[in-house]
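Colleague: this one's sequence-less:
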């Protein structure tokens, strides 16, 4: 939630902004307004073209947040220019290169009870399967 403060000595205004809805309180009166707010890279492209807020837009924003968590890359990173976005970056990696775009800190080995090659291969395959599923949700 974001708080904004504006006012002078005789006038006070508090604006609470959350999920694109805001309420402005001024001298005991209240007014409501709706505006789409969001950070660059997290809001769907159609919002920038005057599109209305929608469930699909919320799903897109959630997907971008999920991709950021698992890749360790922000949608505003310098590498995302010339038409390449975090969304497109992840989409291009599906499904065969997902493990390559995931933040390597997430892939650090824990306690490995499998001492054989087959056990290790199965573990990597399970991790990859989970990552493909998660990144797939992120690019919906």
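Modeller: Alright, I've got the coordinates. If you're wondering where the values come from, they're calculated on a predicted model, not measured in any experiment.

Colleague: what about residue 106, which SS state?
Modeller: helix (DSSP: H, G, I helix; E, B strand; the rest coil).

Colleague: can you count the residues close to the nearest residue to it once chain neighbours are set aside?
Modeller: Take residue 106 and drop its neighbours on the chain: the residue closest to it by C-beta to C-beta, 6 or more residues apart in numbering is residue 70, 6.7 Å away. (C-beta placed from N, C-alpha, C; glycine too.) Neighbour count for residue 70, taken as other C-beta atoms under 10 Å: 19.

Colleague: which SS state does residue 70 fall under?
Modeller: helix.

Colleague: Next: residue 91.
Modeller: Residue 91 - assigned by three-state DSSP - is helix.

Colleague: residues contacting it?
Modeller: residue 139 (C-beta atoms under 8 Å, 6 or more residues apart in numbering).

Colleague: show me where pLDDT drops low in the protein?
Modeller: Scanning the chain for pLDDT under 70 picks out 1-40, 42, 45-51, 110-115.

Colleague: tell me the domain ranges of it?
Modeller: As assigned by automatic domain parsing, the chain contains the domains 1-35, 42-138.
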